[in-house]
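Q: Mind looking at a prediction? Sequence and model below.
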Amino acid sequence: MAYYRQVGTVPPKRHTQHRTPEGGLYYEELMGEEGFSSDSSLLYHRHIPSAIVDSAPWQLPDLNTEPNYPLKPRHLKLHELFPGEEWKRHDVVTGRRLVLGNGDVRISYVAAGEASPLYRNAIGDECVYIESGEGTVETVFGALPFRQGDYVLLPRATTHRWVPDGLVRAYAIEANSHITPARRYLSKFGQLLEHSPYCERDLHGPGEPLLAEGEDVEVLVKHRGSQGIVGTKFVYPQHPFDVVGWDGCLYPYTFNVSDFEPITGRVHQPPPAHQVFEGDNFVICNFVPRKVDYHPLSVPVPYYHSNVDSDEVMFYCGGDYEARKGSGIGQGSVSLHPGGHSHGPQPGAYERSIGVEFFDELAVMVDTFRPLELGEGGAAAEDGGYAWTWSGRGPK
């Protein structure tokens, strides 16, 4: 994170006694990245944070993937994964269906209305985009309200649970690394710079401690195993939401896509101009409503391009995406344009865009630098005709 926060009560000096009103000691926990060599926070617990009374297997949803072979662009209709009122029996954690994934990042989708179990991802940070709905993410750091258009950033190993207020549609980007603002937006000391499309005022962390009572409390933990990703269910003797105060530079926060200030130019700007976050071997960008190219001979939609080093995943979550008209893509669609395939606007979009001054579109893009494979959710949601929409006919 780019800046320091303090919530609740902490002692004036770190690693010193912090006493309860009755004279007992609070238990200090360091939550830090990269082996004491990167961002961290200190949390002060009422109870010993490492105490557990049981550990049992947690059977994860299907995380198997299949290669994109033979190679082709794909269109995935994610809303079809949760038809009708099926969302009422799902939660944002256990209801996720894997859409795409590789060794660096997994992209899942869920429509949910139930409160989730307590959950901790010990593999990497999570960036969850809220397509629609609202509610609260309760965390060991405090409560985070969320709403449509929010990115919810959850650092690795943050204990939390999702409490929706009605239907929530969420697009979960799970890293095997940390997820941060783009490095080029940051000063050498971590401040967001003047050319960044957002600043610290746009990032919203917990405002006060969230204290809960309870005994024998279950927490689902996703973690590494010898054969890949596995799950464990811990049982804690007391509720893990027992933090009376914390301070530091590592904590969950929200950032709303409406606070992203688009970077525009006289001619078409490439995807790095739309970047918002990055992780190891992938970046996250967003395309927001904006004025477009103002050179008198400009072509506002993207030029055709080959992803030489990356796969491009676009999640269409609002507005009217000019470059994809006529392809069947709409709200809740995902397009996968893999490395090795030249892609660009649908037929007619190139010509129609000339003279257009404003694009009313909203999309979240993930570019990965290793090939993506299809998860069971992606395979179940595929529109098999998309690959042929540029030519107007399919294979013989």
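A: It's in. Worth saying up front: this structure is predicted, and the values here are computed from it rather than measured.

Q: Any chance of the backbone angles for Ala175?
A: phi -90, psi 160 (degrees, to the nearest 10).

Q: ditto for Arg352
A: In this entry, Arg352 is assigned phi and psi values of phi -60, psi -20 (degrees, to the nearest 10).

Q: buried residues in stretch 365-373?
A: Within stretch 365-373, the residues that qualify as buried are Met365, Val366, Asp367, Thr368, Phe369, Pro371, Leu372, Glu373, counting by 16 or more other C-beta atoms under 10 Å. Just so you know, the C-beta spots here come from the backbone N, C-alpha and C atoms, and that holds for glycine as well.

Q: Then stretch 94-111?
A: Residues 94-102, 104-111 are the ones in stretch 94-111 that count as buried (16+ other C-beta under 10 Å).

Q: Between the buried residues of stretch 365-373, which sits nearest Phe146?
A: Phe146 has its nearest neighbour among these in Val366, at 19.6 Å by C-beta to C-beta.

Q: give the contact list for the closest residue to the closest one other than its chain neighbours.
A: Nearest residue to Val366, sequence neighbours excluded (C-beta to C-beta, 6 or more residues apart in numbering): Val313, at 4.5 Å. Residues counted as contacts of Val313 (C-beta atoms under 8 Å, 6 or more residues apart in numbering) are Leu100, Ile107, Val334, Ser335, Leu336, His337, Met365, Val366, Asp367, Thr368, Leu372.

Q: picking that back up, mind checking which of the buried residues of stretch 365-373 are in helices?
A: Applying DSSP state H to these, no entry is found in helices.

Q: can you redo these as a markdown table with pLDDT and distance to Gly149?
A: Converted to a markdown table, the buried residues of stretch 365-373 look like this (pLDDT from 0 to 100; distance: C-beta to C-beta, whole Å):
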| residue | pLDDT | distance to Gly149 |
| --- | --- | --- |
| Met365 | 97 | 15 |
| Val366 | 98 | 17 |
| Asp367 | 97 | 21 |
| Thr368 | 97 | 23 |
| Phe369 | 96 | 27 |
| Pro371 | 97 | 30 |
| Leu372 | 98 | 25 |
| Glu373 | 98 | 29 |
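
Q: Count residues in the vicinity of Tyr350, would you?
A: Using other C-beta atoms under 10 Å, the number of residues around Tyr350 comes to 18.

Q: quick one: it and Trp87, what's the gap?
A: Using C-beta to C-beta, to the nearest Å, Tyr350 is found at 38 Å from Trp87.

Q: Point out where the stretch 201-350 of the chain drops to low pLDDT.
A: Scanning the stretch 201-350 of the chain with the threshold set as pLDDT under 70 gives 322-323, 325-326.

Q: Just say helix, strand or coil for the most centrally placed residue in the chain.
A: The centroid of the chain falls nearest to Cys127 when counting by C-alpha atoms, centre = their mean (2.1 Å). Assigned with DSSP: H, G, I helix; E, B strand; the rest coil, Cys127 falls in the strand class.

Q: contacting residues around it?
A: Tyr151, Val152, Leu153, Leu154, Ala172, Ile173, Ala175, Ile179, Phe277, Ile284.

Q: can you do 7 Å?
A: Tyr151, Leu153, Ile173, Ile179, Phe277, Ile284 (C-beta atoms under 7 Å, 6 or more residues apart in numbering).

Q: go on, Gly103?
A: Contact partners of Gly103, counting by C-beta under 7 Å, 6+ apart, are Asn176, Arg370.

Q: Quick check: Tyr350 vs Ser298, distance?
A: The gap separating Tyr350 from Ser298 is 12 Å, by C-beta to C-beta.

Q: cool, Phe146 as well?
A: 37 Å.

Q: what's the answer for Arg224, then?
A: 48 Å.

Q: who's more crowded, the two?
A: Taking neighbours as other C-beta under 10 Å, Arg224 and Ser298 compare with Ser298 leading, 17 against 12.

Q: quick one on the thing from earlier: may I ask which helix or strand encompasses the residue nearest to Val366?
A: Per DSSP states H and E: Val313 is located in strand 311-319.

Q: Counting neighbours, show which residues of stretch 121-131 come out buried.
A: Buried, per 16+ other C-beta under 10 Å, within stretch 121-131: Asn121, Ile123, Gly124, Asp125, Glu126, Cys127, Val128, Tyr129, Ile130, Glu131.

Q: now stretch 20-40
A: Going by 16+ other C-beta under 10 Å, stretch 20-40 has these buried residues: Tyr26, Tyr27, Glu28, Glu29, Met31, Gly32, Glu33, Asp39.

Q: what pairs with the nearest residue in space to Ala115 that is not next to it in sequence across the strands?
A: The shortest distance from Ala115 to any non-neighbouring residue, by C-beta to C-beta, 6+ apart, is to Val163 (4.7 Å). Beta bridges link Val163 to Thr136, judged by DSSP bridges.

Q: Quick check: the gap between Val163 and Gly113.
A: Counting by C-beta to C-beta, the gap from Val163 to Gly113 is 11 Å.

Q: So between these two, which is more surrounded?
A: Per other C-beta under 10 Å, whichever of Val163 and Gly113 has more neighbours is Gly113, with 20 against 17.

Q: Give me the pLDDT for the closest residue in space to that one that isn't next to it in sequence.
A: Spatial nearest neighbour of Gly113, excluding adjacent residues (C-beta to C-beta, 6+ apart): Lys88 at 4.7 Å. For Lys88, the model assigns a pLDDT of 96.

Q: count of residues packed around Lys88?
A: 13.

Q: Widest-spaced pair of the buried residues of stretch 20-40?
A: Taking C-beta to C-beta as the measure, these span a maximum distance of 22.9 Å, between Tyr26 and Glu33.

Q: Okay then, goodbye and thanks.
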